[in-house]
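Participant: sharing a sequence plus its predicted fold:
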Amino acid sequence: MRIIFLDVDGVLNSALTKDRYKGMIGLDERFIGNLSGLVMKSSIKDETKIVLSSSWRAGEDKDGKKIPDHLKYLNERLKARGMEIYDETPVIRYSKDGYSNHRGREIMTWLYLHRDENITGLVILDDVVFEDFKKYRLGPFLAKSIYFSKAGGFIEPLADKALRILDRQIDVRQLLSERNFDGEKIKEVTKEK
């Protein structure tokens, strides 16, 4: 199985996205198309799954404003292109400004909880390099987009890079071991909730 860890803002939209949903920035059809292309071009497209790592899964934006029906809207737009959300990373903790400083830890926790599944590749689609990406050495798995740019969002060259990352063979148990991420870390996560 190949896993795409998907952020929404800055990946499926950008500062130039015109689409709106209930007064909030919506999604850009071009970027959704590029995500669909990534799934379709994956060497095991039938086993390529989308795991939502975006703040959208928590039900509020970066300012703490509730996002009405956000997941329904996202699912409908993905479904129209033959995609669906397989799962979500756990929400560990949000800082005062609304941004998760633990996205790397959330991704590592998800991988740990699914370590017995046959995960052979992964890519992280995000417009932010979170502080703990360095701690968990997730940089090689990141296809970083840009929110505030004319070349922002999940543009085609970035989709090509994401495919190269996704199709690299990995061993999840080895990745977890090399990063010293084990059951003790999961206990810490449980305490924070």
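Facilitator: Okay, I see it. Residues are numbered from 1 along each chain as shown.
Participant: low-confidence ranges, this protein, go.
Facilitator: 58-68, 93-100, 184-185, 187-193 (pLDDT under 70).
Participant: can you map out the helices along it?
Facilitator: In the chain, helices defined by DSSP state H lie at 29-41, 70-79, 103-113, 131-135, 156-166, 172-178, 183-192, listed in chain order.
Participant: please identify the deepest-packed of the ones you listed.
Facilitator: Mean neighbour counts were compared across the helices of the chain using mean count of other Cβ atoms under 10 Å; the top stretch is helix 103-113, at a mean of 22. The C-beta positions use only the backbone N, C-alpha and C, and glycine is treated the same way.
Participant: packing partners of that helix?
Facilitator: strand 121-126, helix 131-135, helix 172-178, helix 183-192 (3 or more Cβ pairs under 8 Å, 6 or more residues apart in numbering; DSSP states H and E).
Participant: can we see that at 10 Å?
Facilitator: Judged by 3 or more Cβ pairs under 10 Å, 6 or more residues apart in numbering; DSSP states H and E, helix 103-113 is in contact with strand 2-6, strand 48-52, strand 85-88, strand 121-126, helix 131-135, helix 172-178, helix 183-192.
Participant: and for the fifth one, what's in contact with it?
Facilitator: Okay, so that is helix 131-135. Residues lying outside helix 131-135 but in contact with it, judged by Cβ atoms under 10 Å, 6 or more residues apart in numbering, are 92, 99-108, 124, 126, 138-139, 141-142, 144, 179, 181.
Participant: out of those, which are buried?
Facilitator: For the contacts of helix 131-135, burial is judged from neighbour counts taken by 16 or more other Cβ atoms under 10 Å, and it is met by 92, 100, 102-108, 124, 126, 138, 141-142, 144, 179, 181.
Participant: OK, contacts around residue 162?
Facilitator: With contact taken as Cβ under 10 Å, 6+ apart, residue 162 is in contact with 4, 11, 34-35, 37-38, 41-42, 123-125, 141-145, 154.
Participant: and if we set it to 8 Å?
Facilitator: The contact partners of residue 162, by Cβ atoms under 8 Å, 6 or more residues apart in numbering, come to 4, 38, 123, 125, 143, 154.
Participant: which residue packs closest to it, ignoring adjacent ones?
Facilitator: Closest residue to residue 162 apart from its sequence neighbours, by Cβ to Cβ, 6 or more residues apart in numbering: residue 143 at 3.8 Å.
Participant: surely that neighbour and residue 160 touch.
Facilitator: No - using Cβ atoms under 8 Å, residue 143 makes no contact with residue 160, being 9.2 Å away.
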